[in-house]
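**Student:** model this:
(2 chains)
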Amino acid sequence: MITTTITVTWAIMAIIIPAFWQAARYVTSRPPTAVPDTLQNSIEFILDGITAFVDASMGAARRGFVPYIGSLAIFLVVANLTGLIGVRPPSADLSTTLALATLTFLNIQYYGLRAKGLRAYIKGFFEPIPLMLPLNIISSLALPFSMAFRLFGNLMGGSMIMGLIYRFAPLLVPVLPHMYFDLFAGLMQTFIFTMLTMTFIADAMG
Amino acid sequence: MDVTITPRTILLAASAIGAGIAVLTGFGTGIGQGYAAGKGAEAVGRQPEAQGDIIRTMLLGAAVAETTGIYGLVIALLLLFANPLLRLL
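**Tutor:** Residues are numbered from 1 along each chain as shown, chains lettered A, B, ... in the order given. Presented below is the predicted three-dimensional model:
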């Protein structure tokens, strides 16, 4: 079944991937001595921002996560802001957010396992006392759900309230709520989702 | 006015009331986030040079405090739009 979410997600991918691909090719093809132009400045601004964000949350030694966190952040920014053009944001669908949260979960488990080694990884589930094993398993399984529901709930709640506002005051009135529910909440949730992802991965890696 | 009360009516009314009660979790979330923000403001006042770190930590705490409120919202949305109880009728 082709839902709005699938269509909008593919549209976002069709815009983001070629745009950033071409931009990156253009920027890397320029000689280092050339004076940076607008496009190069924008790309460097985004990259520097994400790198600084990763450095601050995970430490400079884990810059390898910049591509993943960057893609996540750019996708979420665009996805959360689609509400501004009157489209239902893909992140207001539980499928999207659960998929992203599952990626975070797999990252946490994989990098936690790789950084700590199998012994310490399994031992981690028996901390502080072996009796806590079920609780530890439940809490690590509940993590992707809480992340998915947070993003979904915020975006869904926002788009529902916007729908109600459009129903009783379709002219001019929705401008200010759009600022809050789409711009502010959308960027805020992007920030929170990426930051929680980084914090949990860094935490799992010890 | 002639209202026939069927099991369905009762279930719908109860679900609507339940949804209203579920979003009351916002109380706790509001208190939690307000506490985080207040402590964040205090910390910035005490140590303005650490503002970036403080804001990041504060937002992390606020996001975690938000979880319960969001659970309430999800329950309310479920009751209103994808009511699992209607199948029991």
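
**Student:** please count neighbours and contacts with C-alpha atoms only from this point.
**Tutor:** Fine.

**Student:** low-confidence regions, chain B specifically.
**Tutor:** B:1 (pLDDT under 70).

**Student:** could you list the buried residues of stretch A:10-18?
**Tutor:** Judged by neighbour count (16 or more other C-alpha atoms under 10 Å in any protein chain shown), stretch A:10-18 contains these buried residues: A:12, A:16.

**Student:** which residues touch stretch B:59-73?
**Tutor:** With contact meaning C-alpha atoms under 8 Å, 6 or more residues apart in numbering or on different chains, stretch B:59-73 is reached by A:146, A:149-150, A:153-154, A:157, A:192, A:195-196, B:22-26, B:28-29, B:32-33, B:36-37.

**Student:** let's see 7 Å
**Tutor:** The contact list for stretch B:59-73 (C-alpha atoms under 7 Å, 6 or more residues apart in numbering or on different chains) reads A:146, A:149-150, A:153, A:192, B:22-23, B:25-26, B:29, B:32-33, B:36.

**Student:** what is the nearest of those to residue A:49?
**Tutor:** residue A:192 (15.2 Å; C-alpha to C-alpha).

**Student:** what about the closest one, how many neighbours?
**Tutor:** Residue A:192 is flanked by 22 other residues according to other C-alpha atoms under 10 Å in any protein chain shown.

**Student:** ok, now residue B:71?
**Tutor:** 19.

**Student:** same thing with residue B:16?
**Tutor:** 15.

**Student:** what residues sit buried inside the longest helix seen in chain A?
**Tutor:** Longest helix in chain A by number of residues (criterion: DSSP state H): helix A:133-168. By 16+ other C-alpha under 10 Å, the buried positions in helix A:133-168 come out as A:133, A:136, A:143-159, A:162-163.

**Student:** helix or strand right after it?
**Tutor:** Later in the chain than helix A:133-168, the nearest helix or strand by DSSP states H and E is helix A:175-178.

**Student:** for the longest helix of chain A, packing partners?
**Tutor:** Applying 3 or more C-alpha pairs under 7 Å, 6 or more residues apart in numbering or on different chains; DSSP states H and E, we find helix A:133-168 packed against helix A:94-116, helix B:51-81.

**Student:** out of those, nearest to residue A:74?
**Tutor:** helix A:94-116 (13.0 Å).

**Student:** which residues touch the very next helix or strand once past that closest one?
**Tutor:** Downstream of helix A:94-116, the first helix or strand assigned by DSSP H and E is helix A:118-124. Helix A:118-124 has contacts (C-alpha under 7 Å, 6+ apart) with A:112, A:113.

**Student:** dump helix A:118-124 to PDB, restricted to CA.
**Tutor:** The C-alpha coordinates for helix A:118-124 follow below in PDB (Å, rounded to 0.1, in the frame of the first residue of the first chain):
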ATOM      1  CA  LEU A 118      31.400 -10.100  24.300                       C
ATOM      2  CA  ARG A 119      32.200 -10.800  27.900                       C
ATOM      3  CA  ALA A 120      31.800  -7.300  29.200                       C
ATOM      4  CA  TYR A 121      28.800  -6.800  27.000                       C
ATOM      5  CA  ILE A 122      26.900  -9.800  28.500                       C
ATOM      6  CA  LYS A 123      28.200  -8.900  31.900                       C
ATOM      7  CA  GLY A 124      26.700  -5.500  31.500                       C
END
